[in-house]
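Visitor: pasting the sequence and the predicted model now:
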Amino acid sequence: MKTLIVEFRAGREVEEIVEYYEAKEHGLGVAFQSHLKSAFLSIRRSPEAFGHDSVTGTRTYRLKRFPHIVHYLIEEHEIVVMAVAHPKRKPGYWRR
């Protein structure tokens, strides 16, 4: 199984999303983190099993309970999470 690395900007996004959900309802931010952790595990287990975004060149994993998409790249020795984005945000803002 490849190592999964979360880019700095994506990590900041996750922090902001958790804060947003926690402000809406106590415990909701923790629930988001739990769903994201499960998503990361699924991605690590089968990185090529999920969608491909032809605009950005990333693979995509849609969270089930929350309206966010994990955008990631499969590299030789690791998987790099480029963004955890709401689908209404401008696509491709996380490109390298």
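Guide: Received, thanks.
Visitor: who touches residue 11 in this structure?
Guide: Residues near residue 11 by CB atoms under 8 Å, 6 or more residues apart in numbering: none. C-betas here are computed from N, CA, C, even on glycine.
Visitor: check which helix or strand covers it.
Guide: helix 8-24 (DSSP states H and E).
Visitor: give me the buried positions along that helix.
Guide: 10, 13-14, 17-18, 21-22 (16 or more other CB atoms under 10 Å).
Visitor: repeat that for stretch 48-59.
Guide: Quick answer for stretch 48-59 (16+ other CB under 10 Å): 50, 56, 58-59.
Visitor: cool, and stretch 74-90?
Guide: Buried residues in stretch 74-90 (16+ other CB under 10 Å): 79-85.
Visitor: in strands only, show me the residues you listed.
Guide: 79-85 (DSSP state E).
Visitor: rewinding a little: okay, the buried residues of stretch 74-90 in CSV with distance to residue 36 and pLDDT next?
Guide: Formatted as CSV, the buried residues of stretch 74-90 follow (distance: CB to CB, whole Å; pLDDT from 0 to 100):
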residue, distance to residue 36, pLDDT
79, 14, 98
80, 15, 97
81, 10, 97
82, 14, 94
83, 12, 94
84, 7, 95
85, 12, 91
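Visitor: returning to that earlier point: widest-spaced pair of the buried residues of stretch 48-59?
Guide: Largest separation among the buried residues of stretch 48-59 by CB to CB: 50 and 56, giving 13.7 Å.
Visitor: for stretch 82-89, what is the distance to the chain centroid?
Guide: 8 Å (CA atoms, centre = their mean, to the nearest Å).
Visitor: start at 56 instead
Guide: New numbering, starting at 56: the last item is stretch 137-144.
Visitor: follow-up on the earlier one: pLDDT and distance to residue 126 added to the buried residues of helix 63-79, as TSV?
Guide: Converted to TSV, the buried residues of helix 63-79 look like this (pLDDT from 0 to 100; distance: CB to CB, whole Å):
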residue	pLDDT	distance to residue 126
65	95	8
68	94	10
69	97	13
72	96	14
73	97	18
76	97	19
77	97	23
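Visitor: of these, closest to residue 145?
Guide: Distances from residue 145 to the buried residues of helix 63-79, taken by CB to CB, are shortest for residue 68, at 13.3 Å.
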